[in-house]
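**Q** sequence and predicted structure are below.
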Amino acid sequence: MPEDAHVYCETCGAAHRGRDRLCSECQKTLSGLASPKTTPPGGDFNAAQDPIASGGRKPLSKEGGWERPELGRSFTLPIALGDRSLKVRWLALFGAVGLAASLAELFFGSAAAWWCVLGMPSTLALILGIGLMRHRFVRLPHLINVEADKTGRVFVTKIGGDCPVCSGELKLEDIGPKRHTKTVVQCTSDATHQWAFNSKQLAEL
C-alpha cells in the first residue's frame, strides 16, 4: 500500500495514513480499506434516524405505547351486606372458615356435593381476600375487577380511558395462555396500541 494512500477506519470512519495498523482516533485495529462515514445533509446521524424528524410516526416504546395513557374508573360499585360495606378482612375470614368446613365435610362427611356448594365460593373469597390485602386490586380474568380502598371496603370496578395514539377506547384485556394470562391496557380500535397495566397508577378510591 502506498505511503500516502488513505485508509479509513471501519469502526469510526477516521482517515489514517502510514503503515501503523492501529486507528489514532478509536484505537481499533485497522482491517482494510473502508469508505469514510458521511453526515446526512442538514443534520447528524441521529437526526437522520429520528422518525419524528423525518415525518414518520414515533415507534412503540418497550412498554408498548407512545406515551402512558390516563386511566380512570368508569364504574364503581361498593359491595355491601345490608347497610354495611363488605370489608376485606371479612371476605378473607369467610373464605378461610368456609373452606375449612367444606374440607371437613369432604373428608369426614358423606355428601361430597358440599364441596361445590360451599368449597368453591369459599376458595374464591379467600383468594380475593388475600389478594386485596396484599395489593388492593384483584382482576378475575375476562370478568371483573375487585378493589379495596384504604379502609378495607370492597368495590367492583370497571377501568378504561382514551387511547393517546388514535383516541380510541381503552379497556383492560387478558392476554396469553390460560394459566399464564397477563393484564394489559389495550385499544379497542387497534390492538397494537397496548400498554402494561399497573394498578398502582390508578387514583385512590
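**A** On my side now, so go ahead. Residues are numbered from 1 along each chain as shown.

**Q** how about the strands in this structure?
**A** For the chain, the strands defined by DSSP state E cover 7-8, 15-16, 71-78, 80-81, 84-85, 137-139, 145-148, 154-162, 169-175, 182-187, 194-196.

**Q** now these in TSV, with distance to residue 205, mean neighbour count and mean pLDDT?
**A** For every residue, glycine as well, the C-beta is placed using N, CA and C. Shown next, in TSV, are the strands of the chain (distance: least, Cβ to Cβ, whole Å; neighbours: other Cβ atoms under 10 Å; pLDDT from 0 to 100):
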stretch	distance to residue 205	mean neighbour count	mean pLDDT
strand 7-8	64	19	70
strand 15-16	66	14	68
strand 71-78	7	14	95
strand 80-81	15	10	90
strand 84-85	12	12	94
strand 137-139	10	19	96
strand 145-148	6	22	97
strand 154-162	6	18	96
strand 169-175	16	17	94
strand 182-187	18	20	94
strand 194-196	22	18	92
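
**Q** out of those strands, the one nearest residue 23 is which?
**A** For residue 23, the closest of the strands of the chain is strand 15-16, at 6.0 Å, according to Cβ to Cβ.

**Q** report the buried residues of the longest helix seen in the chain.
**A** Using DSSP state H, we find that the single longest helix of the chain is helix 88-108. Of all the residues in helix 88-108, those buried under the rule 16 or more other Cβ atoms under 10 Å are 88, 90-92, 94-95, 98-99, 102, 105.

**Q** CA-only coordinates of it in CSV, if you can.
**A** What follows is helix 88-108, C-alpha atoms only, in CSV (Å, rounded to 0.1, in the frame of the first residue of the first chain):
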residue,chain,number,x,y,z
VAL,A,88,-61.5,-7.2,53.1
ARG,A,89,-60.9,-9.0,56.4
TRP,A,90,-64.5,-10.3,56.4
LEU,A,91,-64.0,-11.7,52.9
ALA,A,92,-60.8,-13.5,53.8
LEU,A,93,-62.3,-14.8,57.1
PHE,A,94,-65.4,-16.1,55.4
GLY,A,95,-63.2,-17.8,52.8
ALA,A,96,-61.0,-19.5,55.3
VAL,A,97,-63.8,-20.7,57.5
GLY,A,98,-65.9,-21.9,54.6
LEU,A,99,-63.0,-23.7,53.0
ALA,A,100,-62.1,-25.5,56.3
ALA,A,101,-65.8,-26.5,56.8
SER,A,102,-66.1,-27.8,53.3
LEU,A,103,-62.9,-29.8,53.5
ALA,A,104,-64.0,-31.3,56.8
GLU,A,105,-67.3,-32.3,55.2
LEU,A,106,-65.5,-33.8,52.2
PHE,A,107,-63.2,-36.0,54.3
PHE,A,108,-65.5,-36.9,57.2
